[in-house]
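*Asks:* For reference, the sequence and a predicted model appear below.
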Amino acid sequence: MKPGVPLSLPAVRQQLDELLEVEYSFRDTAQPAAAIAALPAERQARLISWIRRIASTHVELGYQVACRGVAAQALMAPDDFEAWIFHSMDRYDAEGLRPALRVIEQYRQFAGQQQARSRGALLQEHEGVLSHFLRGLSGRPLKLSAADTIHTDSETLFLPPLLAGLPTPGQNFQLYKVTCALLWAQIRFGSFRPLLSLNAPDPGLLALYHAMELLRLKACLRRALPGLHRQLEQICQALGEAALPAEWTGLLARLETPETQATDVLVLARQQLGRLTPYPSTGQPIILDLEAVRTCMQVRIEKERARFKVALNSLLEELPGNVREKRPSRFTKQREEDPSVPEGFRVEILLDDMPAPLPDEVQALQRSILLDLGEIPDDYLQPAGPGDYDSALLRDPTRDADDVWRGSYHEEGAHLYDEWDFQRRHYRKNWCAVREREITPLYDDFAARTLAKHHGLVKHLRKTFEAMRHENRLLKRQPEGDGVDIDALVEALADAHLGFEMTERLLTRMQRNERNIAVVFMVDMSGSTKGWINDAERESLLLLCEALQSLGDRYAIYGFSGMTRKRCELFHIKHFEEPYSELIRGRISAIEPQDYTRMGFAIRHLSRVLQQTEAKTRLLITLSDGKPDDYDGYRGQYGIEDTRRALIEARRGGIHPYCITIDEQARDYLPHLYGPAAYSVVDDVRALPLKVSDIYRRLTR
Amino acid sequence: MRTFRLDEYRIEDEPYYQPTGDEIELFEAAYRNQLPLLLKGPTGCGKTRFMEYMAWWLKRPLITVSCHDDLTASDLVGRYLIKGGETSWIDGPLTQAVKAGGICYLDEIVEARKDTMVVIHPLADDRRVLPIEKLGTLIEADPEFAIAISYNPGYQSVLKDLKQSTRQRFVALEFNYPGAALEGEIVMRESGLDRELAGRLVKFAGMTRNLKGSGLEEGASTRLLVHAAKLMVAGVNPVSACQGAIAQALTDDPEMLASVNELSSSLF
Ligand SMILES: Nc1ncnc2c1ncn2[C@@H]1O[C@H](COP(=O)(O)OP(=O)(O)O)[C@@H](O)[C@H]1O
Ligand SMILES: [Mg+2]
């Protein structure tokens, strides 16, 4: 296509028909094709390339973009347009087709929000910081979740996905933070406790109670977190919050004294019902969803009661038999005044009048119970056997608690790794789903053929590698050491006789030359390695294994490839513990080109693998044929920067990364990734088998 | 290597140590019975200070060796040296303590090379002898000699775990961060910070300790609190002091740093 000349209608139509698989569907491309054909060349090409990209995620998404793209383009700057498509793809990744389609349909709304976004703060982007923040504030982990209203059920804080009520992103983030703190305060300072036992409460009463509670909670925050309270005031001011109505100010003193508890506020609300009305708040209000709170708390209270009683029971069972026989043991509790906690006291559990040695998780349970109930009820101190309860009550269905409360999507059986987004200058949290996969070994004549072909080289490598094996070495003529160097001493005495000054380098010292090395080879299995390169890689690995046999370094081999962040794969060829064998040769033979070259996840995962093995020196050697590249935007600078980031993380963890590549253009980007001295470019693919072993030898001698 | 003069290792002035339990009595009883000691606990919770205090209290010289992965048995026991044409043997710190009845404290023992255990074991059971292979001799420990080692069980590495055969020889003392009130006292005493701010620092420490295991490997230690407090006394504003002395020491992760800084700015 010549630049500047747009495609004709039939040409556009033909392209759309192909991309959108019109042959097998009833999609009608006449209308979108007409609109697209009327575009100037550059916009046309851009739109079609977007359609191609999103159609590869799902054809229907591609079709919808074809239908709405022209209008959407007119409405949005290129960056926003791109964000719109990515947003839809993310939705697809996380929730499926329907929500993704909705994003495409609602492009007008998206365009509007996009403007708010530039000054607003996104929950998704700050979720990590906010969760840690909340975790730091309290012992009990709290989840964050996007919702239309602001409230909490006592376990999850529901917040709008975007806050843009204030002029800058920084202020809007602060708004998230102080809102989180207020929701946390409802839990921490017991706002829900008096509501648990209310029978069909009057909505007016609830609303009044809630408004009063917020005033009490702000005072609690001022005492507990003065810095945060200051920020809260600043935010309220920036939001233009009106002064408290005059009829409320009389109550303020009561609500703000430290002694006032939630129950007192409920009494107060009853008194004032009909006299006072909740004042309107500016900005989005925190609401009280009593049903949600009750359901959530009831489930948790029942669960924790069971767990606590069972835990006490196992504590008894662990007592030595002779103690148990003597007398029945008894749990009691003791209150200790402690003005630093909201309740004003701590509860210590005693076992036969001595502090009971509660394990950490039971202490956490106790804290959580105290948070819900404000005390440890007496009946909780009666131990109960696990048989007394439904096992579902005692154990959570999901193992990995961390992933569950982290929110967003959850990937069964995958390791999740962050990925660096250089434009956001921020990690995308748990972005890549990484799985280790097995390779079915292929028992063909590959190994025999390769060994025969490189017969001379193999012998040579074995010899050179053997020579590196030297174990402990006795260093002579040392100024410090463990033994006397007789040769040096004799010479020195002779020198002394002749009137020369006598040297002090007369000792021997054992230098421990333990080759304490662990190395992981990370082999590019992307589609581009097909053919020659794949052959050369397999041959290289085989020769390397042969050579390493005589050296005794611990090594592991993994292949890597990826197809979007949802399918990042590491193919296990050899673990550290596995001996080199027929099986390993079979796996090497079976290495086959797969998909794309996503690199960051592989470096991160294999760094972790390396960290878990003990060695003095840890090496991560990548064998590759080109730049990082994956089709969901992992091209160009994005992929390079993520890879670079992953390498920085690895080095920080004490790993030495090194790269061997056959990409002639690699000199342009490898120094940026690996530094000037940690890569080699092998110009001739056929030389790879020799070079890999040779480079390894040089690196570790 | 230089020669030790044990007198330099005597502690003349009473170190400030705030007991958190019955560790002083336990240590003294173990010492009187010639039992070796194992101090367990996270870094910066007062183990070294405790050893200084006990050495002062018992009026023994204290020789502290910080172990690292190049530390060999020879570094502890001694080696040959040439001086003015003469070969001489120089005792290492452990040998000196053994001979002179000092207290030898091996900090972070799991970091040392495995061969160091070979010389420690016979000292840590009722033989109380130190074999010096190079000289072919066996030294009997002075009755006042004591050995103590420290170990951080929170350090998550299977390989850096203390072997049963080692740990079973020692009387263990468990150290942990002191309770809020005591920790506040320590911070005040060590830095001169006022009670109000010291209390908030301790609260901040609690917040970071809540994050242990969910993003942080360790929460802030008492040592880090003392550092921050000293900066604050020198006029640094509290939020910057927490950021420099505590947050940056705990993590490099930008997101975690942001969270920890939000926590400290909430408190001050
Ligand atoms: N119980 C304590 N009494 C006095 N100071 C303490 C105590 N615990 C911690 N510290 C302070 O913390 C700092 C670090 O303690 P240190 O003994 O070096 O820790 P560790 O040896 O456990 O790593 C000390 O210098 C001191 O300022
Ligand atoms: Mg120390």
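*Replies:* Noted; the coordinates are in hand. Ligands and ions are numbered 1, 2, ... in the order given.
*Asks:* Give the helix, strand or coil label for A:Cys432.
*Replies:* Following DSSP: H, G, I helix; E, B strand; the rest coil, we place A:Cys432 in the strand state.
*Asks:* Which stretches in chain B count as helices?
*Replies:* B:23-32, B:47-58, B:73-77, B:93-100, B:115-124, B:164-167, B:180-191, B:195-210, B:222-233, B:238-242, B:248-250, B:254-267 (DSSP state H).
*Asks:* Just send these back as CSV, with mean pLDDT and mean neighbour count too.
*Replies:* Any C-beta I mention is one placed from the backbone N, CA and C, and that applies to glycine too. Output for these, formatted as CSV (pLDDT from 0 to 100; neighbours: other CB atoms under 10 Å in any protein chain shown):
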stretch, mean pLDDT, mean neighbour count
helix B:23-32, 96, 16
helix B:47-58, 96, 21
helix B:73-77, 89, 22
helix B:93-100, 94, 22
helix B:115-124, 88, 18
helix B:164-167, 80, 12
helix B:180-191, 96, 19
helix B:195-210, 95, 21
helix B:222-233, 97, 22
helix B:238-242, 96, 22
helix B:248-250, 94, 17
helix B:254-267, 94, 22
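*Asks:* As a markdown table, the ones you listed with distance to A:Pro657 would be great.
*Replies:* Shown next, in a markdown table, are the helices of chain B (distance: least, CB to CB, whole Å):
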| stretch | distance to A:Pro657 |
| --- | --- |
| helix B:23-32 | 45 |
| helix B:47-58 | 36 |
| helix B:73-77 | 32 |
| helix B:93-100 | 38 |
| helix B:115-124 | 32 |
| helix B:164-167 | 36 |
| helix B:180-191 | 41 |
| helix B:195-210 | 31 |
| helix B:222-233 | 31 |
| helix B:238-242 | 34 |
| helix B:248-250 | 25 |
| helix B:254-267 | 21 |
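*Asks:* In terms of helices and strands, where is the closest residue to ligand 1 within the stretch 251-400 of chain A?
*Replies:* Residue nearest to ligand 1 within the stretch 251-400 of chain A (CB to the nearest ligand atom): A:Ser340, separated by 19.6 Å. If you go by DSSP states H and E, A:Ser340 is not part of any helix or strand.
*Asks:* So it sits against B:Ala180, correct?
*Replies:* Yes: here A:Ser340 reaches B:Ala180: they are 6.3 Å apart, a contact under CB atoms under 8 Å.
*Asks:* shared neighbours, those two?
*Replies:* B:199, B:203 (CB atoms under 8 Å, 6 or more residues apart in numbering or on different chains).
*Asks:* so who does A:Ala356 touch?
*Replies:* A:Ala356 touches A:312, A:315, A:331, A:349-350, counting by CB under 8 Å, 6+ apart.
*Asks:* which residue does chain B bring closest to ligand 1?
*Replies:* Closest point on chain B to ligand 1, by CB to the nearest ligand atom, is B:Gly46, at 2.5 Å.
*Asks:* circling back: need phi/psi at the residue of the stretch 251-400 of chain A closest to ligand 1.
*Replies:* phi -80, psi -10 (degrees, to the nearest 10).
*Asks:* With the one 5 residues further on instead?
*Replies:* When quoted as degrees, to the nearest 10, the phi and psi of A:Phe345 stand at phi -150, psi 160.
*Asks:* isn't it right up against A:Gln334?
*Replies:* No: using CB under 8 Å, A:Phe345 and A:Gln334 do not qualify as a contacting pair, with a distance of 9.7 Å.
*Asks:* So for the two, which residue has more residues nearby?
*Replies:* A:Phe345 (15 against 12; other CB atoms under 10 Å in any protein chain shown).
*Asks:* Many thanks, have a good one.
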